[in-house]
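Undergrad: Structure of the sequence below:
(chains A and B)
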Amino acid sequence: MEAIKADLTLDLKGLLCPIPVVKMAQAIKTVPLAGIIEATATDPGVMADIPAWCRTTGHKLVSMERRDKVINFVVQRVK
Amino acid sequence: MAVLTAPALETAGEPSTAHKATLVVLSGDIDKLDAAFIIATGAAAMGMEVTMFFTFWGLQAIRKPVRNGSSLFGRMLGLFLKDIDGVGPSKLNMGGMGRWMFKKMMKARNVATLPELRQIALDLGVRLLACQLSLDVMEIKREDLIDGVEDVVGVAAFLETASQSKTTLFI
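TA: Prediction:
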């Protein structure tokens, strides 16, 4: 499904805890409300951390999938 | 459109505990400081208002690489105190070899270094506070601390912030 157009693409590959959430926190402020960030990461901790970050900050985790070592996720700015 | 936000409520009445984290950093080891700064930067990224109180050995994390101390013992202590880049692990330091090994292993995995994490903490607005009593006892001057340190305070200032925090950690 390639219907969503990302406002920002974020490459988090090779970055480890806590940098992926730090980068997300900085990046979310740069997209408009309802804006979309599409990110790619390789740290397996991201599988638990990005959903937790979304739940705490209130932003929407649109999708998240892991293929081999690469994790792709999409977050929408809510507030 | 007027929206009543949390900060507005905060100034109006009870202090909010919703998004505050307070960390006491007593340890001066690379592993424990790593944990402290990872939690602090992570909490700041989660939108929390984070305060770190540095006391005793933890002061090495916010100290400039200078010699300090005025009395004989103070100067002796000053010889052993490190800065954030010089601290070793709490176990297996083996006279500095452990520090070298840990830093090498962390670099190989591209883990953020302690100086980098401290800078990220400052960039994210984490408040760094130093304990007045420890500074006095260890004969460290205010100007021996890095510029990012917001204030030098006592136990009451810590407890005030801690009592408003949902998360309080002692590391």
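
Undergrad: Hmm, A:Leu12 is touching A:Lys23, no?
TA: Yes: the criterion here is CB atoms under 8 Å, and A:Leu12 meets it with A:Lys23 at 6.0 Å. Any C-beta I mention is one placed from the backbone N, CA and C, and that applies to glycine too.

Undergrad: Neighbour count: those two, which is higher?
TA: A:Leu12 (22 against 19; other CB atoms under 10 Å in any protein chain shown).

Undergrad: can you tell me how far that one sits from B:Met106?
TA: 18 Å (CB to CB, to the nearest Å).

Undergrad: what ranges do the helices span in chain A?
TA: Assigned by DSSP state H, chain A shows helices spanning A:19-28, A:46-57.

Undergrad: CA-only coordinates of the last one, as PDB, when you get a sec.
TA: Pointing back at helix A:46-57 there. The C-alpha coordinates for helix A:46-57 follow below in PDB (Å, rounded to 0.1, in the frame of the first residue of the first chain):
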ATOM      1  CA  VAL A  46      12.700  -0.100  18.000                       C
ATOM      2  CA  MET A  47       9.900  -2.700  17.800                       C
ATOM      3  CA  ALA A  48       9.000  -2.000  21.400                       C
ATOM      4  CA  ASP A  49      10.200   1.500  21.700                       C
ATOM      5  CA  ILE A  50       8.500   3.300  18.900                       C
ATOM      6  CA  PRO A  51       5.000   2.000  19.900                       C
ATOM      7  CA  ALA A  52       5.800   3.000  23.500                       C
ATOM      8  CA  TRP A  53       7.000   6.500  22.300                       C
ATOM      9  CA  CYS A  54       3.800   6.900  20.300                       C
ATOM     10  CA  ARG A  55       1.500   5.900  23.200                       C
ATOM     11  CA  THR A  56       3.300   8.300  25.600                       C
ATOM     12  CA  THR A  57       3.500  11.300  23.200                       C
END
